[in-house]
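Enquirer: below: sequence and its predicted model.
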Amino acid sequence: MKDTKGLPLSTGQPDTSDERKGLLWDEGDDDLSVQDEPLPSASSSRRRKCCSITLIALILSAIAVPSLYFGLRAPRPVADFNSQKLRSNGTHQFRKTSLIVSIDGLRADYLDRGLTPHLLAIAKKGLRAKSMRPVFPTLTFPNHWALMTGLYAESHGIVANNFWDPQSHSEFHYNRVESCWNSSWWFGEPMWETAENAGIVTANLMWPGPPVTRRGVEPTYFVPWKDHVPLKEKHDQIMEWIDLPLEKRPQLIMAYEPSLDQAGHLAGPKSDLVNRVLKQVDVFAKDIHDSLEARNLTDIIDVVFVSDHGMTDTSHPDFIYIDDILGDGFRELEHVDGWPAMGLRFSPKANTSYYLDVLTQAAVASSGKFDVFTHDTMPSRYHFSYNERIAPIYVVPRIGYVLTDRVTNDTGLNKGSHGYDNAEPSMHAMFVAHGPFSSVVKAIKQTDDSRFFKRRLLRPNLGWHSTANDTYVMDTFQNVEIYSLMVKLLGIEGRAAATNGTRGFWDKYF
Ligand SMILES: [Zn+2]
């Protein structure tokens, strides 16, 4: 085990001393107004002047004193995420621990349905985000690997749930073990690799991804994917790990639950089935939280509940028939990647640029039903160009539309889908956190709010959607920021891999 304390600090490290100096500059300036000046004696005009100055000084000090009090006296809370320090829950020694739980397909606004009292209660004790923006394409495998690595799909290489790789001349398919367990597909460094390299014990409960990285690193504990595992079994596995003796206990636990996504595909996001499963995963979150509370661990373990993407209703979509558009060109397609978007690779003999023109003209004529992009015309916000695995032509339907062909027609079509534009609110994911991280973030926000000049002059709610009614809701942020959060919580950000996240993103929070 290596002590990370002595490592150089990256920008994410809370350098509170400098920040405090910055804050004190405002308040110190103000302080000048209360300094006494020696007044010459006698004349009444001078006395009047003296009275006015005293009055102004009194008024200014009324403003300055609270500001000085809160600015100088109340120390800005400092996060202590030293991963090696021993902490006690009253009966046992623990090291700082982080648990990330992904509830697949939990669309951000599902939390507004009045069906998730427990997740909302956890968010009220801790905090949540208005939503979390997934990477494009808004699919399970690209996003779970983005959450793990902090990378966009073009960087981490999992560019869809199924896709052709022209370099290896092979196809990745998410439900084939021979491809999805083959580490050569998976670029980037997942947080468990960073943690293991720092000597931290990690545990992976079915998180989508390979069991071992390209560099040969494995989580200490690994439970492979299995469908229909009861939520109680997953809860008990997490607690079994937490109850291990100190030296065997994982400090980073990642867990995955797919039932809500499955319900969304089967019955659509507005269905009774989704509402029923939503209540079940809400109780799952409560059970985890209650078990940590019962062990007196809520000040030691950070819990982060996330999802990978949202879900939109596709029970009565408008179909776009790709074979009608392409005509003979349809038979020239060698590979079709992804869904509901389609990455198209024509045979080398086909006149690809002709078919690109055909598709582009059809997109224009459709008046906004779908778009056609190449690597050069892909919207830059998708970060979905710089990888050979991304098919040269991508057809992306807008919400409400589904790509199909006359052969497939609507057979096997789901009533709910995702994979659309990551700017669409229905594609957005959720973020709820509780534990020492959220406590520090809220305490810092409260201290900052109590500082007169920070509150009035410096963009006071930077990074916050709202903090009313004691419920702290962060602005929407992109899920590639999660990697740096987790390594920060583990106190190993000095070892963090390069990501597509925003440098210093978490600095405005803690
Ligand atoms: Zn998913």
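Expert: Done, it's in. Numbers count the residues shown, from 1 in each chain.
Enquirer: tell me if I'm right that residue 90 and residue 296 touch.
Expert: Yes: look at residue 90 against residue 296 with CB atoms under 8 Å: they come within range, at 5.2 Å. Heads up, the C-betas are built off the backbone N, CA and C, glycines and all.
Enquirer: which of the two has more residues huddled nearby?
Expert: residue 296 (14 against 7; other CB atoms under 10 Å).
Enquirer: show the pLDDT at that one.
Expert: Confidence at residue 296, expressed as pLDDT, is 98.
Enquirer: spell out the secondary structure type for it.
Expert: coil (DSSP: H, G, I helix; E, B strand; the rest coil).
Enquirer: what does residue 101 give?
Expert: Going by three-state DSSP: residue 101 is strand.
Enquirer: nearest spatial neighbour of it, skipping sequence neighbours?
Expert: Leaving aside its chain neighbours, residue 101 sits nearest to residue 255 (4.7 Å; criterion: CB to CB, 6 or more residues apart in numbering).
Enquirer: can I get the helix or strand containing the one you found in PDB? Just the C-alpha atoms.
Expert: Per DSSP states H and E: residue 255 is located in strand 252-257. Output of strand 252-257 as PDB, limited to C-alpha atoms (Å, rounded to 0.1, in the frame of the first residue of the first chain):
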ATOM      1  CA  LEU A 252     -14.200   0.800  -3.800                       C
ATOM      2  CA  ILE A 253     -17.300  -1.100  -4.600                       C
ATOM      3  CA  MET A 254     -19.100  -0.900  -8.000                       C
ATOM      4  CA  ALA A 255     -22.600  -2.500  -8.400                       C
ATOM      5  CA  TYR A 256     -24.900  -2.800 -11.300                       C
ATOM      6  CA  GLU A 257     -28.700  -3.400 -11.500                       C
END
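Enquirer: right, is it up against the ion?
Expert: No: judged by CB under 5 Å from the ion, strand 252-257 stays clear of the ion, getting no closer than 9.5 Å.
Enquirer: OK, contacts around the residue in the stretch 151-300 of the chain that the ion sits nearest to?
Expert: Distances between the stretch 151-300 of the chain and the ion by CB to the ion are smallest at residue 261, namely 4.6 Å. Residues counted as contacts of residue 261 (CB atoms under 8 Å, 6 or more residues apart in numbering) are 104-105, 140, 311.
Enquirer: one step back: wait, the residue nearest to residue 101 touches residue 233, no?
Expert: No: under the criterion of CB under 8 Å, residue 255 makes no contact with residue 233, lying 11.1 Å away.
Enquirer: out of these two, which sits in the more crowded spot?
Expert: Neighbour tally, residue 255 and residue 233, criterion other CB under 10 Å: the higher count belongs to residue 255, 23 against 12.
Enquirer: that one and residue 315, how far apart?
Expert: As for residue 255, its distance to residue 315 is 30 Å (criterion: CB to CB, to the nearest Å).
Enquirer: and for residue 144?
Expert: 26 Å.
Enquirer: more crowded one of the two?
Expert: Each of residue 144 and residue 315 has its neighbours counted (other CB under 10 Å); residue 144 has more, 26 against 14.
Enquirer: can you classify residue 142 by secondary structure?
Expert: The assignment at residue 142 comes out as helix when based on three-state DSSP.
Enquirer: any weak-confidence spans in the stretch 1-150 of the chain?
Expert: 1-74 (pLDDT under 70).
Enquirer: what about whichever residue of it sits closest to the ion, how many residues nearby?
Expert: Closest residue of the stretch 1-150 of the chain to the ion, CB to the ion: residue 140 (3.1 Å). For residue 140, the neighbour count with other CB under 10 Å is 22.
Enquirer: got a list of what the closest residue to it other than its chain neighbours touches?
Expert: Spatial nearest neighbour of residue 140, excluding adjacent residues (CB to CB, 6+ apart): residue 308 at 5.5 Å. When contacts are counted by CB under 8 Å, 6+ apart, residue 308 touches 102, 104-105, 134, 140, 143-144, 147, 429, 479.
Enquirer: circling back: which of the helices or strands spans the residue of the stretch 151-300 of the chain closest to the ion?
Expert: According to DSSP H and E, residue 261 maps onto helix 259-267.
Enquirer: give the buried residues for that helix.
Expert: Neighbour-count burial for helix 259-267, counted by 16 or more other CB atoms under 10 Å, picks out 259-265, 267.
Enquirer: how about the residues of this structure by the ion?
Expert: 104-105, 140, 261, 308.
Enquirer: which stretches of the stretch 351-500 of the chain have low pLDDT?
Expert: Looking along the stretch 351-500 of the chain with the criterion set at pLDDT under 70, you get 410-412, 452-460.
Enquirer: show me the helices in it, by range?
Expert: In the stretch 351-500 of the chain, the helices defined using DSSP state H, counting those that start in this stretch lie at 352-365, 436-450, 452-456, 482-489.
Enquirer: would you list these in TSV and tack on mean neighbour count?
Expert: Converted to TSV, the helices of the stretch 351-500 of the chain look like this (neighbours: other CB atoms under 10 Å):
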stretch	mean neighbour count
helix 352-365	15
helix 436-450	19
helix 452-456	16
helix 482-489	26
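Enquirer: what number of residues lie near the residue of the stretch 351-500 of the chain found nearest the ion?
Expert: Taking CB to the ion as the measure, the stretch 351-500 of the chain has residue 418 as its residue closest to the ion, at 6.8 Å. Residues lying near residue 418 (other CB under 10 Å) number 30.
Enquirer: wait, what's in contact with it?
Expert: Applying CB under 8 Å, 6+ apart to residue 418 gives the contacts 105, 138-139, 264, 309-312, 427.
Enquirer: now, those that are in helices?
Expert: When DSSP state H defines the helices, the subset of those inside them is residue 264.
Enquirer: what is the nearest of the contacts of residue 418 to residue 343?
Expert: Distance ranking of the contacts of residue 418 against residue 343, using CB to CB, places residue 139 first at 11.8 Å.
Enquirer: wait, residue 501 touches residue 147, no?
Expert: No: with contacts defined as CB under 8 Å, residue 501 does not count as touching residue 147, sitting 11.0 Å away.
Enquirer: what's the overlap in contacts for the two?
Expert: Counting by CB under 8 Å, 6+ apart, the residues touching both residue 501 and residue 147 are residue 483.
Enquirer: so between these two, which is more surrounded?
Expert: A direct count of neighbours by other CB under 10 Å for residue 501 and residue 147 places residue 147 higher, at 31 against 24.
Enquirer: so which strand or helix has the more buried one?
Expert: Short version: residue 147 belongs to helix 140-149, going by DSSP H and E.
Enquirer: packing partners for that helix?
Expert: The helices and strands touching helix 140-149, judged by 3 or more CB pairs under 8 Å, 6 or more residues apart in numbering; DSSP states H and E, are strand 97-103, helix 153-156, helix 191-197, helix 482-489.
Enquirer: go with 7 Å
Expert: helix 153-156, helix 482-489 (3 or more CB pairs under 7 Å, 6 or more residues apart in numbering; DSSP states H and E).
Enquirer: does the first one pack against any helices or strands, and if so which?
Expert: What it means is helix 153-156. helix 140-149.
Enquirer: now the helix it packs on against strand 252-257, angle please.
Expert: Interaxial angle, helix 140-149 versus strand 252-257 (axes from the mean of the first three to the mean of the last three CA atoms, to 10 degrees): 160 degrees.
Enquirer: shaky segments in the stretch 151-300 of the chain?
Expert: Ranges of the stretch 151-300 of the chain meeting pLDDT under 70: none found.
Enquirer: could you pull out the strands for it?
Expert: 162-165, 170-173, 202-205, 221-223, 252-257 (DSSP state E, counting those that start in this stretch).
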